[in-house]
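Chemist: Dropping a prediction and its sequence here:
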Amino acid sequence: MLTVVSLVGCSARVVKSFDNKELSVENYAIVKGVEDDYYTVMFSEYALLDVGQKPDVKTVGDPIIGYPDELHLLPGSYYINVRCVAITGMGKLEAWPSARMKLEAGSTYELECNDVGENKISLELTSKYQNQAASSD
């Protein structure tokens, strides 16, 4: 049974905040974790930050279900927590940085983890671009 749970967790690569809605790519933001030569970025939780409202934290990843590498979120201000993992000859390195981001509909944001020295990891926005709707040709 543990193997089945593990396989299901590995397949959850994209999480949407609008599960019951069919939206075109111009109506939501995409946040992607960038995998470079050293770190892999995966998402653990996010919260929509509405003025005057208590943030509703949504957990989207854990060691049992796995961690997605992409979020599809409605526009707004968010707190996003990620898991940065690097496998080295000395073992596994992990960090849990977070970012506050204002997401715009129709945009894709790419986040990358970087080693800034002194046992510190930064989470950086490496690119932002407009989503392209699929053509119907």
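Modeler: Arrived safely, thanks for sending.

Chemist: what about the protein, any weak spots by pLDDT?
Modeler: 1-12, 133-137 (pLDDT under 70).

Chemist: So for it, the centremost residue is which one?
Modeler: Residue closest to the mean C-alpha point of the chain, counted by Cα atoms, centre = their mean, is Phe43 at 3.9 Å.

Chemist: now what about the strand or helix carrying that one, what contacts it?
Modeler: Secondary-structure assignment from DSSP states H and E places Phe43 in strand 40-48. By Cβ atoms under 8 Å, 6 or more residues apart in numbering, the surrounding residues in contact with strand 40-48 are 15, 17, 31, 33-35, 55-62, 67-71, 73-74, 76-86, 96, 111-113, 123. Quick note: C-beta positions are derived from backbone N, CA and C, even for glycine.

Chemist: Which of those residues fall within strands?
Modeler: 15, 31, 33, 56-59, 70-71, 73, 76-86, 111-113, 123 (DSSP state E).

Chemist: Kindly write the PyMOL command that selects the buried subset of these.
Modeler: Typed into PyMOL, the line below selects the buried ones among the ones in strands among the contacts of strand 40-48, using 16 or more other Cβ atoms under 10 Å:
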select buried, resi 15+31+33+70+71+73+78+80+81+82+83+84+85+86+111+112+113+123
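
Chemist: circling back: identify the bridge partners of the residue nearest to the centre of the chain.
Modeler: Val82 (DSSP bridges).

Chemist: Torsion angles phi and psi at Phe18?
Modeler: Here is the backbone geometry of Phe18 (degrees, to the nearest 10): phi -130, psi 60.

Chemist: Surely it is in contact with His72?
Modeler: Yes: using Cβ atoms under 8 Å, Phe18 makes contact with His72 at a distance of 7.3 Å.

Chemist: Those two: which is more packed in?
Modeler: Under the neighbour definition other Cβ atoms under 10 Å, Phe18 and His72 were set side by side, and His72 has more, 19 against 12.
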